[in-house]
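Asker: Got a sequence here, can you model it:
(chains A and B)
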Amino acid sequence: MATANPIPENTLAAESAAADLLVFVTAMAPEHFKAVLANLQSAFSPESLVVATQNELPSDVSSSLRIVATPQSNGAWSLKPMDFVNAAKCGGEHGAKAFLILGPESDSLSPVALRSLADSVLKSSIDLAVPHYSLPSHAGLINSAILYPLTRAAFASRVRFPLSIDLGMSYRMAERLARVAEPISTANPAEVILWPVNEAIAAGFVADEVDVGRRAMPQPSDPDINSILASVTGSLFADIEAKAALWQRPRKPPLIRRPTADVDLTDTTADVARMVAAFQLANANLQEVWSLVLSPNSLLSLRRCSALDPATFRMPDSLWARIVYDFLIAYRLRTINRGHLLGALIPLYLAWVAGHFNVMAAGTPAERHIEAVAAAFEADKPYLVARWRWPDRFNS
Amino acid sequence: MQNRVDLSMQQATGNAVAQIYSENASISHHMSEALHQSLYRVLTLLMAVLPGILAFFVALLLFAAAGLFISWVLHRCLTWAKFDARISRKSGSDWAPASSPTEIVARVSFWICILLGLVIGVSAFDTSYASGAAPAISLLPYLTHAIGAALLLVAGVLIARFLSRSVLISAVNAQLQYARFLSLGVKWLVLVLTAAMVLDHLQVGENIVELAFGILFGGIVLTLALAVGLGSRDLVSRSLESHVEHPGERTHIPDEVAGASQQIRHF
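Answerer: Numbering: from 1, shown residues only, chains lettered A, B, ... in the order given. Modelled structure (predicted):
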């Protein structure tokens, strides 16, 4: 005898598919979104996948792919708190075990990369899978100079790209990020940046990275270094300040990573001379501001650096670590207005970039130099802890 | 006969001298009386004012002591109630010891008491002033003007420093060679404006101050405009040239140059 109200096969399949993976695709151009859908179809079976997005569906989308609509959020070059809230909400509704968040221009990620990200969460019990991108040596410089070394030293994290725009997450990680993002997503959504790696470490979850190869990185609508550095670095400083009780505990340092092969070793057409000139101009004009933040030793070292020829310009790794730590301390103490503080950091960052390019031009691989910088940050962490706890003492 | 003449002459001379002496005595008497009267007036005025001054300082000292006590009590209570930890949990930020919420509350309460003490001291000065005395200058309204002017000056100096630093950092990051000059110009603009407002508040100079301020302010603005205009002359002419179309003379930017300017990606 036939049962009443038979459940259609596709609904059964959808229920079992909804339990596996939810892919949250952020706002992007229609052609990119179409390519993302094609990659997802290549990487996963449609039954195991639910795609949540605010993008308009292409006319020729496959009917086997299950797509749900999410609330609109402002398109951005990085993941916003609202994205995490929406992803967790959709995942909860569909009972997803794992989440994949794909940022703008993620069509450049290969299906193999997407599969690796998802499998690391589904099969390897990793709570947060962060992609390791293969970027050119002249890209992602803020990450190389500040974000990676500072995150590695403070949180003992080996993740190379702590502010990744694609993520793989377990359900509990997604819940945690949504809980953190909920109150701040309404406060100032345009400016707030969430730091998933830091949150994972604070929660005691497992975070690791997955090689995903090349990716086209979206650029901010305003590519001015002044606004990018201020917003990204300021956000990281604020997050470190909020988690002060966590990173001051002694933590096991990360495993030493083997330097990966550079993508472009010879491509060094950057305007080193222009950046050095910018640093020299700042050195002549911003001494009174820097003297409020940096130690006398650091100021003296900067004066010596400013006398160097652009072709031989170098900023020592230990000096750069001290500078970033001093600025972090000044950010916390509000020694000067925070906007002024981050503005005063820009010429120093440009000086580091110029030195970095000179190091590469001399034949050292970019990754080796960046690892050396990160090691300098780790070695000088006791200085940061001491100054954080006793801010009135000025260790020279 | 001769003796009589001599005697009469002597008598006349003596009378004249006595008259001079008596006149001198009356002049000195008048002078000493005038001095005594003016001294008396000064002392009277001082005696009229002194109780008021004493009342002012007593009120200020009392309220300062009360402020210290209230600040200490608040500090102890808030530390016991773990006020800093509660605020940190809500705001998510770690406070420096010198600027923790507890310290801020304690300091604010102390300075409120000092301010109250000043206000009450000034009103005590006013009420204890002898009603019979007629001072030439009415001090109290001018005192309030002076306090207002002092506050204006402090605010103006703070704003001038903030703006000059903002301009300096922005101009340096924009790689303007005259960044320091711009910053100084902005600082002095604000300071001159502040000084004019302070003098106007104190009702000093009036027309002269207004005229001098107008000339000075206008001069500074004109100097800055000339500096910026002359300094960016090349930039403006290049910008204008790029908007003019010349058929057959289009400038081809080599790919490597265009590529180089886009190669550095900070994010």
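
Asker: can we go C-alpha only for contacts and neighbour counts from here?
Answerer: Fine.

Asker: was I right about B:A66 contacting B:L115?
Answerer: No: with contact defined as Cα atoms under 8 Å, B:A66 and B:L115 do not form a contacting pair (11.8 Å).

Asker: Tell me the residues of the stretch 101-250 of chain B that contact chain A?
Answerer: Within the stretch 101-250 of chain B, the positions near chain A by Cα under 8 Å from any Cα of the partner chain are B:165-166, B:168-170, B:172-173, B:175, B:177, B:179-180.

Asker: repeat that with 10 Å
Answerer: Applying Cα under 10 Å from any Cα of the partner chain, we find that the stretch 101-250 of chain B lies next to chain A at B:162, B:165-180.

Asker: pLDDT below threshold where in the stretch 51-200 of chain B?
Answerer: Applying pLDDT under 70 to the stretch 51-200 of chain B flags residues B:88-99, B:127-141.

Asker: run the last query once more with 80
Answerer: B:85-100, B:122, B:124-144 (pLDDT under 80).

Asker: Could you pull out the helices in it for me?
Answerer: B:83-91, B:101-127, B:139-173, B:179-201 (DSSP state H, counting those that start in this stretch).

Asker: How many residues are close by B:L153?
Answerer: 19 (other Cα atoms under 10 Å in any protein chain shown).

Asker: What is the burial count for residue 160?
Answerer: Answering for chain A, as no chain was given. Using other Cα under 10 Å, A:R160 has 22 other residues around it.

Asker: switch to chain B, that's the one I care about
Answerer: By the measure other Cα under 10 Å, the count of residues near B:A160 is 23.

Asker: and if you look at the one 5 residues further on?
Answerer: Residues lying near B:R165 (other Cα under 10 Å) number 22.

Asker: Same check on A:F377?
Answerer: 29.

Asker: And B:T13, by the same measure?
Answerer: 12.

Asker: repeat for B:W80
Answerer: B:W80: 9 neighbours (other Cα under 10 Å).

Asker: Now stretch A:357-372 - C-alpha only, CSV.
Answerer: Output in CSV follows, covering the C-alpha atoms of stretch A:357-372 (Å, rounded to 0.1, in the frame of the first residue of the first chain):
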residue,chain,number,x,y,z
PHE,A,357,62.2,45.2,-2.9
ASN,A,358,65.9,45.8,-2.6
VAL,A,359,66.4,42.6,-0.7
MET,A,360,64.6,40.7,-3.5
ALA,A,361,66.6,42.5,-6.1
ALA,A,362,69.7,41.3,-4.3
GLY,A,363,68.6,37.7,-4.9
THR,A,364,66.9,36.8,-1.6
PRO,A,365,63.5,35.1,-2.2
ALA,A,366,60.6,37.2,-0.9
GLU,A,367,59.2,34.5,1.4
ARG,A,368,62.6,34.0,3.0
HIS,A,369,62.8,37.7,3.9
ILE,A,370,59.2,37.7,5.2
GLU,A,371,59.9,34.7,7.4
ALA,A,372,62.9,36.5,8.7
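
Asker: Name the residue of the stretch 151-300 of chain A with the shortest distance to chain B.
Answerer: The stretch 151-300 of chain A approaches chain B most closely through A:A242 (4.5 Å), counting by Cα to the nearest Cα.

Asker: And the helix or strand containing B:T223, what's buried?
Answerer: Using DSSP states H and E, B:T223 sits within helix B:207-231. Across helix B:207-231, burial judged by 16 or more other Cα atoms under 10 Å in any protein chain shown covers B:209, B:213, B:217, B:220, B:224.

Asker: Over to stretch A:322-333?
Answerer: So for stretch A:322-333, counting by 16+ other Cα under 10 Å, buried means A:322-333.

Asker: now stretch A:359-373
Answerer: For stretch A:359-373, by 16+ other Cα under 10 Å, it's A:359-361, A:365-371, A:373.

Asker: Not counting sequence-adjacent ones, nearest residue to B:S183?
Answerer: Nearest residue to B:S183, sequence neighbours excluded (Cα to Cα, 6 or more residues apart in numbering or on different chains): B:S164, at 4.7 Å.

Asker: residues near that neighbour, how many?
Answerer: Residues near B:S164, counting by other Cα under 10 Å, number 23.

Asker: ok, of the residues of the stretch 101-250 of chain B next to chain A, which come out buried?
Answerer: B:162, B:165-173, B:175-176, B:179-180.

Asker: Sketch out the low-pLDDT regions of chain A for me.
Answerer: A:1-19, A:58-65, A:72-78, A:184-192, A:219-223, A:250-270, A:391-396.

Asker: Wait, B:T223 touches B:L189, no?
Answerer: No: applying Cα atoms under 10 Å as the test, B:T223 and B:L189 come out as separate, 11.3 Å apart.

Asker: residues touching the residue nearest to the spatial centre of chain A, list them.
Answerer: In chain A, the residue lying closest to the centroid (Cα atoms, centre = their mean) is A:L163, at 0.9 Å. Taking Cα atoms under 10 Å, 6 or more residues apart in numbering or on different chains, we find A:L163 in contact with A:78-79, A:130-131, A:143, A:147-148, A:193-198, A:232, A:236, B:267.

Asker: now do 7 Å
Answerer: A:L163 sits next to A:W195 when contact means Cα atoms under 7 Å, 6 or more residues apart in numbering or on different chains.

Asker: mind checking how far it is from A:P218?
Answerer: Distance of A:L163 to A:P218, given as Cα to Cα, to the nearest Å: 13 Å.

Asker: mind listing what's buried in the top helix by length along chain A?
Answerer: Criterion DSSP state H: the longest helix present in chain A is helix A:338-361. By neighbour count with 16+ other Cα under 10 Å, helix A:338-361 contains the buried residues A:338, A:340-361.

Asker: now check the following helix or strand past it, is it near chain B?
Answerer: Scanning forward in sequence from helix A:338-361 by DSSP H and E, the next helix or strand is helix A:366-379. No: counting by Cα under 7 Å from any Cα of the partner chain, chain B is not contacted by helix A:366-379; separation bottoms out at 14.0 Å.

Asker: so what secondary structure elements neighbour helix A:366-379?
Answerer: Contact analysis of helix A:366-379 by 3 or more Cα pairs under 7 Å, 6 or more residues apart in numbering or on different chains; DSSP states H and E lists helix A:148-155, helix A:317-333 as its packing neighbours.

Asker: Now do it against helix A:338-361, angle only.
Answerer: Using axes from the mean of the first three to the mean of the last three Cα atoms, to 10 degrees, the inter-axis angle of helix A:366-379 relative to helix A:338-361 is 130 degrees.

Asker: after helix A:366-379, next one along is what?
Answerer: Once the chain leaves helix A:366-379, the next helix or strand it forms, by DSSP H and E, is helix A:381-389.

Asker: Identify each buried residue in that next one, please.
Answerer: Applying 16+ other Cα under 10 Å to helix A:381-389 flags A:381, A:384-385, A:387-388 as buried.
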